[in-house]
Structures are given as structure tokens and as C-alpha cells.
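Novice: Sharing a model that was predicted from the sequence below.
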Amino acid sequence: MSTTPAVNGTSNNQQTQASSGNSASNPLGQLSQSDFLKLITTELNNQDPTKPVDEGQMLAQMSQIASTSSIQNLQQSFNQFVQGMQSNQTIQAASLVGRNVVVPSSTGALPSNGKLSGAVDLSNAVGSLDVNIYDGSGALVRTLSLGQQSAGEVPFTWDGMDGNGNPMPAGQYTVKAASTTDGASTSQTVLMSGAVSSVQMGSNGGSPTLAVQGIGNVNLSDVQQIL
């Protein structure tokens, strides 16, 4: 009379049944924690009494499935968190259309018969501060000398005139700021404002992009103030 050989203390029939049940409930063939515990129980019930399962091996298997389950749960929670953040950013970005925002930018728009305003963000006090305006060809049009300044946002306004008092045409201009302290010159961050005309969703979980009139495309995360 022949007998069915056992593999690791479990008969082939038992393994086939366990595998079939698992495939039906999990078409991807991935073991859940419940599936693993069923396999362990089946193995214990069908083990060879003369060759019991090694306790150390069983503990290692249980530790492995527990660790895998924890990682899967953590990944699922993180994905849900990211999706929630993206949804919140989408709502926030959409609500900015038509409103003015302040962002770091070296580009500003001079309106017809108007002025160009912005601010320089200083992290510390400086001996002197200059704001330089350049036209589309890169030529220096005007320098605004703001003198000694304390740390913080220093506002400036360009009246649209060049250094000789001639009006400049409307359009985009490059704005750069530089400070001098103890003979050392340092570039400074310029803040400009503009109206948000449209919003483009970020890719791969990135920040949404705002189209700001007179400035261009900026990330939502770069917005420092909503006017």
C-alpha cells in the first residue's frame, strides 16, 4: 500500500488544497497574514511526529510575515496620505485663480502708463541695496538705490522711466537685487506679485503649477503671500 510523501511535514494534497484556496481568494497569489497563519496551522496538524517542525524556523517565518504585513500597511497608509495631500493642494491651487500672489521671481511686468512694484527679501541687514531693471535684450534700464536696509522685506516701485527719464514700453523686465556690506556684494531674492490665470496639476505627486501673469509658471509651494 503506497502512501503520499510529505514535504516539510505537509502532504501534497494538503498543500494543493491550501494553494487552491489561496488562489481563489487572492488571484495575485500574494499571501496575506491570514493565509500564512492557515498554512502554519496546516503544517502543524500534518507534521511527522518523529520530525516536528523546528521552533526556531517557525518563529523566523512568523517574524517574516509580521514584518511584511507591517511594511504593506505602512505603504498603504503613506499612499493614502499622499493622495490626501494632493487633493488638498488641488483645491487650494484652484481657489487662487484670479487672485494676486507674491512669489520669488526675477521677472516683472510693466503695464502701460503704469508702475512695476515688488520687494527684496533680506535675511539680514545690509549696508546698501540696489535694484536693477533690465529690458528684454539684457540692457540695464534703471538702478533703484535703496540705501541701508534692515532685515525683512524691502518694498520698491519702478515708475517705468529709464535712467534719462524716458518712459519705457510696457512688457516684461528682469529685476535683480544686490546688496553691499563691508565691501562684499551679495545677490538678494526679489519678490514679485501677479494674478493667477490658470493652474496645472503636478505630475508624480509634485506641487501644482500656477500661471502668474507677468511672471510665468511658478510652483504652488513657492507662493509666499496671497493678496
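Specialist: Arrived safely.
Novice: give me the element residue 101 is part of.
Specialist: Using DSSP states H and E, residue 101 maps to strand 100-104.
Novice: What is the subsequent helix or strand relative to that strand?
Specialist: According to DSSP H and E, the helix or strand after strand 100-104 is strand 107-110.
Novice: Count the neighbours of residue 42 for me.
Specialist: Residue 42 has 17 neighbouring residues, counting by other C-beta atoms under 10 Å. Bear in mind the C-beta positions are built from the backbone N, C-alpha and C, glycine included.
Novice: any idea of the mean pLDDT for the host helix or strand of it?
Specialist: If you go by DSSP H and E, residue 42 is part of helix 33-45. Averaged across helix 33-45, the pLDDT comes to 67.
Novice: List the beta-bridge partners for residue 179.
Specialist: residue 129, residue 186 (DSSP bridges).
Novice: Return the list of strands paired to the strand or helix carrying residue 119, each annotated with direction.
Specialist: Using DSSP H and E, the element containing residue 119 is strand 116-122. Strand pairing for strand 116-122, determined by DSSP bridges: strand 152-158 (antiparallel), strand 184-200 (antiparallel).
Novice: Of those strands, give the one that comes closest to residue 96.
Specialist: strand 184-200 (4.6 Å; C-beta to C-beta).
Novice: Who are the packing partners of the next helix or strand after that closest one?
Specialist: Going down the chain from strand 184-200, the next helix or strand is strand 209-212, by DSSP H and E. Judged by 3 or more C-beta pairs under 8 Å, 6 or more residues apart in numbering; DSSP states H and E, strand 209-212 is in contact with strand 100-104, strand 184-200, strand 216-219.
Novice: Okay, angle between the one helix or strand residue 132 maps to and strand 152-158 too, please.
Specialist: Assigned by DSSP H and E, residue 132 falls within strand 126-134. Between strand 126-134 and strand 152-158, the angle comes out at 40 degrees (axes from the mean of the first three to the mean of the last three C-alpha atoms, to 10 degrees).
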